[in-house]
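Q: sequence first, predicted model second:
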Amino acid sequence: MRVPTRPTIASSKSTKSSQLPAKAESNQAKKRREISAPHNLLHITHVSISSTGEFIGLPNGWQTLLKEPTLRC
């Protein structure tokens with residue numbers, strides 16, 4: 001099973017914040033919330049990628065999902 005490649009994203013110099021009025025932009029900056037670090041983390045599986053691009057250690061249920069023809073990458 002091969003790892004899908006990442007799609008290329010065209011870079012754009014304009015951002016949403018640069019399109020907002022100055023007052024709306026300053027209000028948006030005030031409302032930003034900090035995201036805390038995870039807590040009570042339980043690491044139950046480790047998946048890596050082989051030199052051939054295949055997943056190693058992927059749970060069986062996940063392997064089944066990746067083989068379904070309806071999955072689009």
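A: Cool, the structure landed. It should be emphasised that the depicted structure is a prediction, and the values quoted were computed from it without experimental measurement. Numbering: from 1, shown residues only.
Q: could you use CA atoms for every contact and neighbour count after this?
A: Fine.
Q: could you pull out the strands for the protein?
A: Counting by DSSP state E, the segments of the chain that form strands are 48-49, 55-56.
Q: and for the first one, what are the contacting residues?
A: So that's strand 48-49. Here strand 48-49 makes contact (Cα atoms under 8 Å, 6 or more residues apart in numbering) with 3, 55, 56, 57.
Q: what's the answer for stretch 33-45, then?
A: Counting by Cα under 8 Å, 6+ apart, 57, 58, 59 sit against stretch 33-45.
Q: residue 66: how many residues sit nearby?
A: 15 (other Cα atoms under 10 Å).
Q: residues touching the closest residue to residue 58 other than its chain neighbours, list them.
A: Closest residue to residue 58 apart from its sequence neighbours, by Cα to Cα, 6 or more residues apart in numbering: residue 47 at 5.5 Å. Shown in contact with residue 47 (Cα under 8 Å, 6+ apart): 55, 56, 57, 58.
Q: and residue 47, how far from residue 63?
A: Residue 47 sits 11 Å away from residue 63, going by Cα to Cα, to the nearest Å.
Q: check residue 3 too.
A: According to Cα to Cα, residue 3 stands 12 Å off from residue 63.
Q: ditto for residue 6
A: Noted for residue 6: a distance of 19 Å to residue 63, by Cα to Cα.
Q: again, but for residue 41
A: Residue 41 is 23 Å from residue 63, where distance means Cα to Cα.
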